[in-house]
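> Fold the following and give me the result.
(3 chains)
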Amino acid sequence: MSKLPPSFYTRPDSVTIARELLGKHFYSSFDGVLTGGMIVETEAYSGENDAACHAHLGRRTKRTQIMYETGGISYVYLIYGIYSLFNIVTNTAGTADAVLIRAIEPTEGLPEMQLRRGLTKIEPRLTAGPGLVTQAMGISTVHNGVSLFGNEIWLEDRGDSFSDEEIIAGPRVGVAYAGADALLPWRFSVKGSKWVSKAKPKY
DNA sequence: ACAGAGATGTACT
DNA sequence: GTACATCTCTGTG
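All right, here's what the predicted structure looks like:
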């Protein structure tokens, strides 16, 4: 299939990219095991001007430096000591934009993902949430900085897309500390999909 | 159904 | 020491 090209990721507006990622397919392949599905929920983060972004005010640390790279690589970090959250770095080198993948509709490697999640049946809890997607797909912080043009983690356009009427734009989850920026409608999800996370932003 | 708490590593004050 | 782009489990209605 057709992997998303570098030109998809290097564009300057992470909000547009987050919106367009709905319907794209997200895959991982480790030790010959292919898992993944269609993206149904994302959030945009916009570098130094975004109080919710780890790179707010141009912050550069060991953790955030990867976000300043050219778009098309992963940014994976550990949250709450337990969960790995997978982001796609966007924009050109020197900017620190990223898009968080929050939920997918599983299509590949269902048995393996179910095993990794420790579930007895296929249900939304398999991949409905950023910490759950990574667990199901076997992604952890060791995959920070991985190219999305290689053979471990990548995205494809398989012809699925959604009109504006089929998409919900709302505030991001878990970023109340960001003040006014927490209200920005930078979380996108597919309306009516049972695979979207249940999390609700707090104001 | 909803609320509260615990889990547990890394970054940063 | 505190906070964190989360999720699960347990107790209560």
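
> Could you give the secondary structure assignment for A:Arg102?
Using DSSP: H, G, I helix; E, B strand; the rest coil as the criterion, the local structure at A:Arg102 reads strand.

> Likewise for A:Arg19?
Here A:Arg19 is helix, with the state taken from three-state DSSP.

> How many residues are close by A:Ser7?
9 (other Cβ atoms under 10 Å). Yep, even glycine has a C-beta here, placed from its N, CA and C like the rest.

> In chain A, where is pLDDT below threshold?
For chain A, applying pLDDT under 70 flags the ranges A:1, A:202-203.

> what does it have sitting close to DNA strand B?
A:54, A:59, A:61-64, A:78-82 (Cβ under 7 Å from any atom of the strand).

> Check which helices and strands the helix or strand hosting A:Thr16 sits against.
For A:Thr16, the element it lies in under DSSP states H and E is helix A:14-21. Under the contact definition 3 or more Cβ pairs under 8 Å, 6 or more residues apart in numbering; DSSP states H and E, helix A:14-21 sits against helix A:6-9, strand A:33-46, strand A:83-90, strand A:97-108, strand A:187-190.

> Can I get the helix or strand just after that helix as CSV, trimmed to CA atoms?
Remark: after helix A:14-21, the chain's next helix or strand is strand A:25-30, criterion DSSP H and E. In CSV, the C-alpha atoms belonging to strand A:25-30 read as follows (Å, rounded to 0.1, in the frame of the first residue of the first chain):
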residue,chain,number,x,y,z
HIS,A,25,-4.2,3.7,8.7
PHE,A,26,-1.6,3.3,11.4
TYR,A,27,0.5,0.1,11.5
SER,A,28,3.3,-1.5,13.5
SER,A,29,5.3,-4.6,12.6
PHE,A,30,7.6,-6.1,15.2
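
> hmm, strand A:25-30 touching DNA strand C?
No. In terms of Cβ under 7 Å from any atom of the strand, no part of strand A:25-30 sits within range of DNA strand C; the closest distance is 14.5 Å.

> Can you list the strands that that strand pairs with?
Strand A:25-30 sits in its sheet next to strand A:33-46 (antiparallel), strand A:153-156 (antiparallel), going by DSSP bridges.

> Tell me which of these sits nearest to DNA strand C.
Closest to DNA strand C of the strands paired with strand A:25-30, according to Cβ to the nearest atom of the strand: strand A:33-46, at 4.2 Å.

> Which strands or helices does the helix or strand just after the closest one pack on?
Downstream of strand A:33-46, the first helix or strand assigned by DSSP H and E is strand A:74-79. If contacts are counted by 3+ Cβ pairs under 8 Å, 6+ apart, strand A:74-79 sits against strand A:83-90.

> Next, the angle from the strand it packs on to strand A:74-79.
When axes from the mean of the first three to the mean of the last three Cα atoms, to 10 degrees is applied, the directions of strand A:83-90 and strand A:74-79 differ by 150 degrees.
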